[in-house]
Every structure is written in C-alpha cells, then in structure tokens.
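>>> Fold the following and give me the result.
(2 chains)
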2 protein chains.
Amino acid sequence: MRGAVIHAPGDVRFETLDDPKIVHPTDAVIRTVATCVCGSDLWPYRGLEPIGDPHPMGHEYVGVVEEVGSEVTSVTPGQFVVGSFATSDNTCANCRGGWQSSCLHREFMSTCQADYVRIPNAQGTLVATDGHPDGEFVPGLLAVSDVMGTGWYAALAAEVKPGSTAVVVGDGAVGLCGVIAAKELGAERIIAMSRHASRQKLALEFGATDIVTERGDEGVAQVKDLTAGLGADSVLECVGTPEAMRQALHTARPGGNVGFVGVPHEVAVDGQELFFSHVGLRGGPAPVRRYLPELIDLVLSGRIDPGKVFDLTLPLEQVAEGYQAMDERRAIKTLLKP
Amino acid sequence: MRGAVIHAPGDVRFETLDDPKIVHPTDAVIRTVATCVCGSDLWPYRGLEPIGDPHPMGHEYVGVVEEVGSEVTSVTPGQFVVGSFATSDNTCANCRGGWQSSCLHREFMSTCQADYVRIPNAQGTLVATDGHPDGEFVPGLLAVSDVMGTGWYAALAAEVKPGSTAVVVGDGAVGLCGVIAAKELGAERIIAMSRHASRQKLALEFGATDIVTERGDEGVAQVKDLTAGLGADSVLECVGTPEAMRQALHTARPGGNVGFVGVPHEVAVDGQELFFSHVGLRGGPAPVRRYLPELIDLVLSGRIDPGKVFDLTLPLEQVAEGYQAMDERRAIKTLLKP
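Numbers count the residues shown, from 1 in each chain, chains lettered A, B, ... in the order given. All right, here's what the predicted structure looks like:
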C-alpha cells in the first residue's frame, strides 16, 4: 500500500509501505475511505516538534473494515466505521468513566494518511454506521473522528450551557467545530476570535454571533465589552500556545470555565493568577469515543455539518500539497481521498 | 481600641489603635466576639511575603454589630453576625453568580485581630444568627468565616459527590475543614495526607477514612494503591506550595478534579502535563458568603463542629504568642478572645 511519511520539516512524501496486518487479536485493519491533515500535524511539519526517524503520519480516518482479529466481535469486514484518534478498549475503569482517551490500553493513531490502517483496540474504538453512508456525509464523519469530537469536548469541558456565552479562541478546524458544539449545547452568544475572512464566514455559518478580530489585551477588552465587562461563561481554547491560553483565561468571567484542547506547547499557567481568576480549567485529548454515537447521529441526520471545515480535497497521493496548503493557510483543512 | 500589628517577620505586637468608624454608608462596625490567626497570616510572619509598613492583621471574625451606615438594613446593632474574609455587596453580577469573593466591590478584610472592626459592604457580607449563640458554638461560627467556608469551597471545586473518593492535601485548619466538607458532601472514602499525630486524629474524627503520611512520589503511590491504581475523583489542595499542587494533580484520576484553596506561592502548572492528566482545576478565594446560611445552620444544629480546629485559645492581647504557637506547629489554629 501507499501512505504519507514525514522525513523532515516541510518534507512529507507519499511512499510505498508494508500492508498493515493483524498483530494482536484485538486489532482490525481498515481500508480508508477518507483521511486528512490535522493542525497538530503541522507542529512537526513546521519543525516545532522533533521528528526523529522518518515515520508515517495521520490520525483521522473513516473506512471499511477489511479484517478483524479473533477477539473483535463488534465490527465485521465490510462495515463502514468511524473511530477516534485515540484507541480505547472501552472497558477499563477510565473508559467506563467516560475518559476513553485516557484508556489504560490507549494507543494514539499515527499511520492514517494511507490506503490501509491497523486499528488497535478495535472492539472499543470503532463504531459502525448503519449501512454505508452517502458520500456527502463522509467529510462530516471524518471530522467526527477528531476535530468535531475535540470541539465537542472543548465545549463540554468549558461547561457550555443553554443560554450561556461562549468564546472560541482559535479559528482552525477544531475552533470552528467548537462553534458548532457551543451552538448545539445551547450557547446563546458565541464569540469567535478570528482574523481570517474565510474562517469568519464559516464560524458565522456554524452559529457564531460575534467575531472578534483583535488579539491580546485588545481582544480581551473586546470580549469584555460584549459581556457587560464580566467575561464569558465558557471559553474554548483551541490552539495550544501561551498567547491563546492567556487569551482564554483572561476572557472567562469569575466562575467561568476554560476547556483547552490545543496540545499545549510551552504553556505554563501561573497558579496565583488562576487562583484569583476563579476560572475552572480542564483540557486534554478529547474522549471522542464517548461522543461517537451521538455525533454520528448528528451528522447523518443532517443536523450538523462539520465536514465543511474541509475546504480542500485532494487525492491521497497529493498529501504533500495538502500539508503545504494548510501550512500556508491556503486551506483550513485538507481531506485526502485514497 | 487595641489590636494586632505586624512590624516585621516574627514581630506581631498588640497595640492601641484608632477606633474604627463608619466611613461609607455601606459600612458596619462590629465588636469582635472572637477572631483568630490564619495559616495565610504565617506567610508574612515567616518573611515569605513582603510586609511593608507596619499594619493591622486578621480577616476572620464573629461579633456583635455596634453601628451601621445609613444604607445597611439587613443587620442592626446588637445582632450577632458572621461574615466572610472577602466582603461583597451580594448584588453585582459576580455575586449573583455565586462568586461573592470576586464581587465587583470586594474588599478583603485585614484588621480583624482587634476589639472592633469596620466591615465594608456590610449589607451583603454579614449574616445575623437568630439570637446570640451559646458560647460553645462561637468557635464553629468563627471557623465558618474562613477555614470552614474555604474547605467547603475546596470540596465543591473538586466536585466531591456522594460515593466518591476524596484526597485532602494539607492538614492545616483548612484541610481539616475540607475533610468535614468532603464527608458532608457524601464522599465514601476520604484520604487525608498528614504526618502530624494531632492532626491525623482530628482528620479521622472529622471523617477521614485513610491517612497517608508519605509525600511526593511516595505519597502519590500510596494514594494510587488505595484507589485501584487510578487516583482519586476529587483532590482538595489546601496548602499553596508547588509541592502540594504537584501532589494534588498527580493523585487525581483522569477526569477527576482538583480544588485549590491555598493561596499559591510560586506555583506554575505545566500546560502539557495538565492536558494529558485530564484533571479539572479550579481554585480561588472561597465565596464564603454563598455558603454562610447553610454552614451556620450546620454548626448551630450540631451537625458539624469545625470549631475543633482551634486547639489553642488565648486572650486577644496574647496574639503574638498565638502566631508563634502556629508558626512552631504547637497549635493547629489559635482562637483569640477580646
């Protein structure tokens, strides 16, 4: 088969690779129907995370089951399945508590930009749809496997409630999906912090009520102006930089909550500042598996369409161009078709 | 009148001071019935916080109303009242949200180790009891004005729920009150981290089910052993040091919560570590005013007795000895009687 391999910053190649095989009886192998490039893939692509030896990339996927290990009974060959970027047995104590992305047997997916993928913990990770979905739903279901699930978690971690005010920091695919989530969870006012016209447009389409283009202290002041000087009930931090975290903590009201889902890079939170802010803080890799049945239903019923975050679709073999377009902000998110 | 004045680390004096007066129409003046020394008073006493010019001390109090300003109608001279270390108008947006310790007109109390005290925002800060309570209840009510209210907030911020497991980091008066709170909120297992016999005894009396004497990695390992390797649902961080925060974050399970109420000193939380822990974090000065009616009832009904944290009672004029006894850990907490 063939798939993406990163060799160095800016150097992603489409190469021939060994076909994945069942290694453990809990594995499945799927043929990918769609995969994509994640904002977090850009960290190593931009040289901001070490790469080490050349290795495959990708952790988002929908596909058709090819083969299952002897212990996998929940999905069968031929079924269309959606999974999560973090695999989980869905039976351990952490999974039972709803924290499947802290599963005691968790393995993070990392080889999904390819024709075929081995899925560890397949029984507790994959959810099959009823029949094969129409092609129009594939991008939305693909988004559910990470960015939509992550935006959903951000909104829940930020405790978005009906009638509340939510701020979304970050206008990447996760932030945009966070807008969808905030709306679905009933936020009355959704303030998207964005300075890119195409992303502002999508944010408004997804339910944002206000756009704030300023950053830093000015951005905070704008949000305060929009919230009677108090700050927002809920803030979704969808970037992972120190600036974004500062923005998030400063725009939440006392007693408000920040859900942070951008993998933090060099972020440190000052204890005394957090203390006097009265802001609650929870982050982490989203327990997407917890939300899969609900989010799949929301997509297939047409209620939400997170697939719109894909504004570039390429054949998988052009994966290098997919990275480059996102790196240069020519695309919000690239969908890849094997 | 007379009251405590701190001049330098280790140097607290009992001096003649001006009688407090009504300055604003929202003020009251109370005659203190009891006041005390707080663990946080030890920070400047130990030279760990700047002192600047000599100034009065103390922020915990119960007393009898002497005089009220023209805008104060909720309490009247002669009534016995309990307040909070943070004053609040109890009408602003933050107060209405239950965050009275972030009141837009908040003033922190700081002159309570004295015969008389001016209480700003008296209308929204003071709660009168039905008649004057028996003397046996005074220590409990005094505890409610800070340490019991703070322990209560720690348990709520840590989302202690019926049947859950709670860890309390810190065996000072706040930590011990945190044990009371965890028990009242229904925790089934309460692990107190303490290495002092007298405090262990009180923790057990208050409802702790387990005592862990180890600290650092060993302390974390002990808690993990007691919680099937997972960590606790809720952790109450009642110290404020980097070590205590680390202990708290490492003993909470994925999806668990840390409530932190020790004023942080040089605490920084690593973003990536918090991210992958899946732990929720909320702290701050406790919104004691929110809890006053309920906690006063719990004390006067005899259901809880947080007054037991006072293991040393002195005349107010011996306030210096009160500090010294706590500094040398001869006392958990010193009650001062004017």
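
>>> count of residues packed around A:A86?
A count of nearby residues for A:A86, using other CB atoms under 10 Å in any protein chain shown, gives 24. (Each C-beta comes from the backbone N, C-alpha and C, glycine too.)

>>> sec struct for the residue nearest to it when sequence neighbours are not counted, please.
Nearest residue to A:A86, sequence neighbours excluded (CB to CB, 6 or more residues apart in numbering or on different chains): A:S101, at 4.1 Å. When states are read from DSSP: H, G, I helix; E, B strand; the rest coil, the local structure at A:S101 comes out as helix.

>>> Confirm for me that A:S101 is in contact with A:L292.
No - taking CB atoms under 8 Å as the definition, A:S101 is not a contact partner of A:L292, at 12.0 Å.

>>> quick one: which of those two has more around it?
More neighbours sit around A:S101 than around the other of A:S101 and A:L292, counting by other CB under 10 Å; the figures are 28 against 22.

>>> For stretch A:191-203, list the C-alpha coordinates in CSV.
As requested, C-alpha coordinates have been extracted for stretch A:191-203 and formatted as CSV (Å, rounded to 0.1, in the frame of the first residue of the first chain):
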residue,chain,number,x,y,z
ILE,A,191,-17.9,34.9,20.1
ALA,A,192,-15.4,33.6,17.6
MET,A,193,-11.9,35.1,17.7
SER,A,194,-10.8,35.1,14.1
ARG,A,195,-9.0,37.3,11.7
HIS,A,196,-9.3,35.3,8.5
ALA,A,197,-12.3,36.1,6.3
SER,A,198,-13.0,32.6,5.1
ARG,A,199,-12.9,31.3,8.7
GLN,A,200,-15.1,34.1,10.0
LYS,A,201,-17.6,33.2,7.3
LEU,A,202,-17.7,29.6,8.3
ALA,A,203,-17.8,30.5,12.0
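
>>> tell me the contacts of the nearest residue to A:E66 once chain neighbours are set aside?
Across the structure, with CB to CB, 6+ apart as the measure, the residue nearest A:E66 apart from its sequence neighbours is A:V29 (4.7 Å). With contact set as CB atoms under 8 Å, 6 or more residues apart in numbering or on different chains, A:V29 has these partners: A:20-22, A:65-68, A:116-119.

>>> again, 7 Å this time
Contact partners of A:V29, counting by CB atoms under 7 Å, 6 or more residues apart in numbering or on different chains, are A:20-22, A:66-67, A:116, A:118.

>>> how close does it get to A:M1?
With distances taken as CB to CB, to the nearest Å, A:V29 is found 10 Å from A:M1.

>>> Identify the contacts common to these two.
With CB under 7 Å, 6+ apart, A:V29 and A:M1 have common neighbours A:Y116.

>>> Nearest the middle, which residue of chain A would you pick?
Central residue of chain A (CA atoms, centre = their mean): A:V147, 2.2 Å from the mean position.

>>> pLDDT wise, what is it at?
pLDDT, the model's per-residue confidence, is 97 for A:V147.

>>> now the one 4 residues further on
Model confidence at A:G151, expressed as pLDDT, equals 98.

>>> Quick check: A:Y45 touching A:D11?
No - between A:Y45 and A:D11 there is no contact, the gap being 8.5 Å when judged by CB atoms under 7 Å.

>>> More neighbours: which of those two?
It is A:Y45, of A:Y45 and A:D11, that has more neighbours when counted by other CB under 10 Å, with 23 against 13.

>>> who in chain A is up against chain B?
Residues of chain A lying close to chain B (CB under 7 Å from any CB of the partner chain) are A:93-94, A:97-99, A:102, A:228, A:230, A:245, A:254-255, A:260, A:263-264, A:267-272, A:274-276, A:278, A:280-284.

>>> quick one on the thing from earlier: name all residues that make contact with the residue nearest to A:A86.
Taking CB under 7 Å, 6+ apart as the criterion, A:S101 is in contact with A:86, A:284-288.

>>> how about 8 Å then?
A:84, A:86, A:88, A:284-289, B:278.

>>> which one of the residues you listed has the most neighbours?
If you count neighbours using other CB under 10 Å, the busiest of the contacts of A:S101 is A:S84, which has 34 neighbours.

>>> in chain A, which spans are helices?
In chain A, the segments counted as helices under DSSP state H are A:42-45, A:93-96, A:122-125, A:138-144, A:147-157, A:173-184, A:197-206, A:216-226, A:242-251, A:271-277, A:288-300, A:319-327.

>>> Look up the pLDDT of the spatially closest residue to A:A155 that is not a sequence neighbour for me, please.
The shortest distance from A:A155 to any residue other than its chain neighbours is 3.7 Å, reached at A:A181 (CB to CB, 6+ apart). Looking at A:A181, its pLDDT stands at 98.

>>> how many other residues sit next to A:A181?
Counted with other CB under 10 Å, the burial measure for A:A181 works out to 33 neighbours.

>>> Then the one 10 residues further on?
A count of nearby residues for A:I191, using other CB under 10 Å, gives 27.

>>> which one is the residue in the stretch 101-250 of chain A that chain B sits nearest to nearest to, not counting chain neighbours?
Among the residues of the stretch 101-250 of chain A, A:S102 lies closest to chain B, at 3.6 Å counting by CB to the nearest CB. In space, not counting the residues next to it along the chain, A:S102 is nearest to B:P254; the distance is 3.6 Å by CB to CB, 6+ apart.

>>> for A:T73, same thing?
Closest residue to A:T73 apart from its sequence neighbours, by CB to CB, 6+ apart: A:Q123 at 6.8 Å.

>>> residues near that neighbour, how many?
Counted with other CB under 10 Å, the neighbours of A:Q123 add up to 22.

>>> and if you look at the one 10 residues further on?
Applying the criterion other CB under 10 Å, we find 18 residues in the vicinity of A:P133.

>>> Might one say that it is in contact with A:S301?
No - the pair formed by A:P133 and A:S301 falls short of the contact definition of CB under 8 Å, at 11.6 Å.
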